[in-house]
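**Q** just need the structure, nothing else, for what follows:
(one chain, ligands or ions: 1)
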Amino acid sequence: MASLLLFITTILISSLFIIIFSIANQKNNKSKAHHLSLPPGPRGWPIIGNLLQLGTKPHETLHALSKTYGPLLRLRFGSVTVVVANTADVASQFLRTLDANFSNRPPNSIAEHFAYNYQSPAFVPYGPRWRMFRRLCTTHLFSTKALDDLRHVREEEVALLACKFVQTKDTNTSVGVEVGKEVDACAANALTRALFKRRVFEEENGPDGGEFKKALEEVLKLSAAFNVEDFIPFLKALNVRGFVTRLKKVHHWYDDTLTKIMEEHKTKTKIVSGGESEGKDFLSMLLGLKKGGNGDEVADNKLTDTDIKALLTDLFTGGTDTTSSTVEWALVELIRHPDILTAAQKELDSIVGRSRLVSELDLNNIPVLQAIIKETFRLHPPAPLLIPHTASEACEVAGYHVPQAATLLVNVWTICRDPNVWSSPLEFDPSRFLPGGKNAEVDLKGSHLELIPFGAGRRICLGMRLGLRMTTLLVASLVHGFDWALPDGLTPETLNMDVEFGLTLERSVPLVARPIPRLAHEAYEV
Ligand code: HEM
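**A** Model prediction:
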């Protein structure tokens, strides 16, 4: 008994010491941080700060500034201090060492007027509701089992795409297909079938397709740059550009559409106790949870209709363009590097043969294709500055003071081009990731800060596992199923490589290419 008492007392006293020590340490860090200078950066204009200097391609402007100001750069957007992490080391301090302090998002109009006033997973404050969204998705949508259960959906959609490409061969020989647009519809249909069993891009001019596409394009346009209204409050109040009005309009469209889909689901799907339902899709599961009784202490009875719509909106906007733009860039790079395309085709032929399309089950042992995917994410990260984070408290990073409420941008674009990490950084060279290559150990999952297209730390992309599976399946299928020719007059050397900065980094000029089937005829039958 006496030894038990001694044991408990020792534990209590040591815990007390640890708490006192960590509070003292935090205070010490904070007061130390106040005596440090801010990171270096260019002078800004009164009121607007550096906003006008950003131009239409902020990632390139910041890349250029990183060469003058180094690994940690400071800017001012209106009244907001912005710090930019330009190396893997500095990114690691923000997203690993100080991850908890940077797990919130800064105030912004998209979150307020489009994402249900900060209620969607991408913008909800770090805390119990954020954790609830993450847990719901990681368990019911992105777990290995959930992903395996819906493998057939992704494969069917990719097969439909391949079949469509085979048919266009006869009708449009000299021009070709707009690859990104077609892949976007495919990714969106696979996703919305998993979410609520509907193909939203039914047909090009079908009832849903047109509207969904228009709404998505509007969201992408509105997220296209740093919006001055977010940094200069009186501009927001004046609504001069009509920006907030447009955001509200597209929000209402999504809200109405999702309300209709939910109402249809409520009547069509018989919800049975325990959150399981006859129509086994993600929305049915959420509606089941809303009724309670699933044993999930946070979600049961607390999941509102608004939560469900906010979640679906984020999954839809976050999960389509990111995938399609990566697939389009991969294909562009392969057209520009025919030897690498041939190596990937050879690898896939040896595993899949020529009488069927690729299946996700083939994708485990394909080092060349996996290296192509990594190299595409390195050179063309869809979110070159991630989604902005904010400092909950002032802190010290790399010897500089980062004030409370500073916005953090992680400059993935620059980190992925750092010559200290990557040899010939501007070259498309997947072999760096192959066994024996200089970066063979690097993966995409947030543990190697030099390659973080999905982010890292607590706010790492929620849909990463699906994004990786779908991107790999699509690139593998397009490479294995087709040879690719450019329209008359274009050569790989003259392909336009300009980018447009937006919610994702898109090609300024979409890739149009002619798919030439290379498998047995029956492989494309659906
Ligand atoms: C190629 C595919 C994808 C890429 C490159 C990508 C990239 C990213 C990035 C960079 C972030 C921000 C990380 C940060 O703030 O530090 C993010 C967040 C997020 N992504 Fe993705 N994403 C992809 C696919 C998807 C898919 C398929 C979904 C869902 C269907 C999705 C849903 C989300 C959500 C909900 C967040 C917010 C997470 C949070 O704030 O906690 N993404 N993604």
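
**Q** can we go C-alpha only for contacts and neighbour counts from here?
**A** Fine.

**Q** got the residues of this protein near the ligand?
**A** Counting by C-alpha under 6 Å from any ligand atom, the chain comes close to the ligand at 121-123, 314-315, 318-319, 322-323, 382-383, 386-387, 453-456, 459-464, 466-467.

**Q** so who does Lys445 touch?
**A** Ile452, Phe454, Ala456, Met464 (C-alpha atoms under 8 Å, 6 or more residues apart in numbering).

**Q** which residues touch the last one?
**A** In this structure, Met464 makes contact with Lys445, Phe454, judged by C-alpha under 8 Å, 6+ apart.

**Q** which one (most neighbours) among the contacts of Lys445?
**A** Using other C-alpha atoms under 10 Å as the neighbour criterion, Ile452 leads the contacts of Lys445 with 29 neighbours.

**Q** assign it to helix, strand or coil.
**A** Classification of Ile452 using DSSP: H, G, I helix; E, B strand; the rest coil returns coil.

**Q** for stretch 394-407, buried residues please.
**A** Ala394, Cys395, Glu396, Val397, Tyr400, His401, Val402, Pro403, Ala405, Ala406, Thr407 (16 or more other C-alpha atoms under 10 Å).

**Q** filter those residues down to the ones in helices?
**A** Among those, the subset assigned to helices under DSSP state H is empty.

**Q** of these, just say which sits nearest to Arg507.
**A** Within these, distances to Arg507 taken as C-alpha to C-alpha reach their minimum at Thr407, with 27.1 Å.

**Q** surely that closest one meets Phe77?
**A** No - at 9.4 Å, Thr407 and Phe77 do not qualify as touching, with contact defined as C-alpha atoms under 8 Å.

**Q** any idea which element Asn189 lies in?
**A** For Asn189, the element it lies in under DSSP states H and E is helix 179-196.

**Q** helices or strands up against that helix?
**A** If contacts are counted by 3 or more C-alpha pairs under 8 Å, 6 or more residues apart in numbering; DSSP states H and E, helix 179-196 sits against helix 151-171, helix 282-290, helix 305-319, helix 321-336.

**Q** can you do 6 Å?
**A** helix 282-290, helix 321-336 (3 or more C-alpha pairs under 6 Å, 6 or more residues apart in numbering; DSSP states H and E).

**Q** who touches the longest one?
**A** Surrounding helix 321-336, the residues in contact under the criterion C-alpha atoms under 6 Å, 6 or more residues apart in numbering are Gly180, Val183, Asp184, Leu341, Thr376, Pro382, Thr471, Val475, Pro492.

**Q** could I get that helix in PDB with only the CA atoms?
**A** Only the C-alpha atoms of helix 321-336 are listed here, as PDB (Å, rounded to 0.1, in the frame of the first residue of the first chain):
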ATOM      1  CA  ASP A 321      -9.600  19.600 -60.100                       C
ATOM      2  CA  THR A 322      -6.500  18.600 -58.000                       C
ATOM      3  CA  THR A 323      -6.700  15.200 -59.500                       C
ATOM      4  CA  SER A 324      -7.500  16.200 -63.100                       C
ATOM      5  CA  SER A 325      -4.800  18.900 -63.300                       C
ATOM      6  CA  THR A 326      -2.100  16.500 -62.000                       C
ATOM      7  CA  VAL A 327      -3.200  13.900 -64.600                       C
ATOM      8  CA  GLU A 328      -3.100  16.500 -67.400                       C
ATOM      9  CA  TRP A 329       0.400  17.600 -66.400                       C
ATOM     10  CA  ALA A 330       1.600  14.100 -66.200                       C
ATOM     11  CA  LEU A 331       0.500  13.400 -69.700                       C
ATOM     12  CA  VAL A 332       2.000  16.700 -71.000                       C
ATOM     13  CA  GLU A 333       5.300  15.700 -69.500                       C
ATOM     14  CA  LEU A 334       5.100  12.200 -71.000                       C
ATOM     15  CA  ILE A 335       4.300  13.600 -74.400                       C
ATOM     16  CA  ARG A 336       7.400  15.900 -74.100                       C
END
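
**Q** and of the buried residues of stretch 394-407, the nearest to the ligand?
**A** If you rank those by distance to the ligand using C-alpha to the nearest ligand atom, Thr407 comes first, at 11.8 Å.

**Q** how many other residues sit next to the residue nearest to Ala91 when sequence neighbours are not counted?
**A** The shortest distance from Ala91 to any non-neighbouring residue, by C-alpha to C-alpha, 6 or more residues apart in numbering, is to Ala85 (5.4 Å). By other C-alpha under 10 Å, the residues close to Ala85 number 26.

**Q** now do Leu54
**A** Counted with other C-alpha under 10 Å, Leu54 comes out at 15.

**Q** before we move on, what about the one 4 residues further on?
**A** For Pro58, the count of nearby residues is 18 (other C-alpha under 10 Å).

**Q** not counting residues beside it along the chain, what's closest to it?
**A** Phe501 (7.4 Å).

**Q** what about the one you found, how many residues nearby?
**A** By other C-alpha under 10 Å, neighbour count at Phe501 equals 23.

**Q** got the phi/psi numbers for it?
**A** phi -80, psi 130 (degrees, to the nearest 10).

**Q** re earlier: kindly report which one of the helices and strands packed on helix 179-196 carries the lowest mean pLDDT.
**A** With a mean of 87, helix 282-290 has the lowest mean pLDDT of the helices and strands packed on helix 179-196.

**Q** residue of the stretch 101-250 of the chain closest to the ligand, please.
**A** Closest to the ligand within the stretch 101-250 of the chain is Ala122: 3.4 Å, counting by C-alpha to the nearest ligand atom.

**Q** contacting residues for Pro106?
**A** Pro106 sits next to Thr390 when contact means C-alpha under 6 Å, 6+ apart.

**Q** would you map the strands across the stretch 301-450 of the chain?
**A** Applying DSSP state E, counting those that start in this stretch to the stretch 301-450 of the chain gives strands spanning 389-390, 395-397, 400-402, 407-410.

**Q** so what sits opposite Val83 in the bridge?
**A** Counting by DSSP bridges, Val83 forms beta bridges with Arg74, Leu408.

**Q** close enough to count as contact, it and Pro71?
**A** No - Val83 lies out of contact with Pro71 (C-alpha atoms under 6 Å); the separation is 10.3 Å.

**Q** out of those two, which sits in the more crowded spot?
**A** With neighbours defined as other C-alpha under 10 Å, Val83 and Pro71 compare such that Val83 has more, 25 against 21.

**Q** tell me the one of the contacts of helix 321-336 nearest Gly44?
**A** Looking across these and measuring by C-alpha to C-alpha, the closest to Gly44 is Pro382, at 28.2 Å.

**Q** who touches the closest one in this structure?
**A** Pro382 touches Thr322, Thr504, Leu505, counting by C-alpha under 6 Å, 6+ apart.

**Q** buried stuff in stretch 177-194?
**A** 177, 179-194.

**Q** repeat that for stretch 135-142.
**A** Within stretch 135-142, the residues scored as buried using 16+ other C-alpha under 10 Å are Arg135, Leu136, Cys137, Thr138, His140, Leu141, Phe142.

**Q** what stretches of the stretch 401-526 of the chain score poorly on pLDDT?
**A** Residue ranges of the stretch 401-526 of the chain with pLDDT under 70: 503.

**Q** nope, the chain is what I meant
**A** Within the chain, the stretches falling below the threshold (pLDDT under 70) are 1-34, 169-174, 202-210, 224-225, 269-279, 291-301, 503.

**Q** which residues touch stretch 141-150?
**A** Residues contacting stretch 141-150 (C-alpha under 6 Å, 6+ apart): His140.

**Q** and stretch 57-66, by the same measure?
**A** By C-alpha under 6 Å, 6+ apart, the residues outside stretch 57-66 that reach it are Leu54, Thr414, Phe501.

**Q** coming back round to it: host element of the residue of the stretch 101-250 of the chain closest to the ligand?
**A** Judged by DSSP H and E, Ala122 forms part of no helix or strand.

**Q** quick one: the one residue in the stretch 251-400 of the chain that gets nearest to the ligand and Pro106, what's the gap?
**A** Proximity of the stretch 251-400 of the chain to the ligand (C-alpha to the nearest ligand atom) peaks at Gly319, 3.4 Å away. Using C-alpha to C-alpha, to the nearest Å, Gly319 is found at 22 Å from Pro106.

**Q** fine by me, we can end here.
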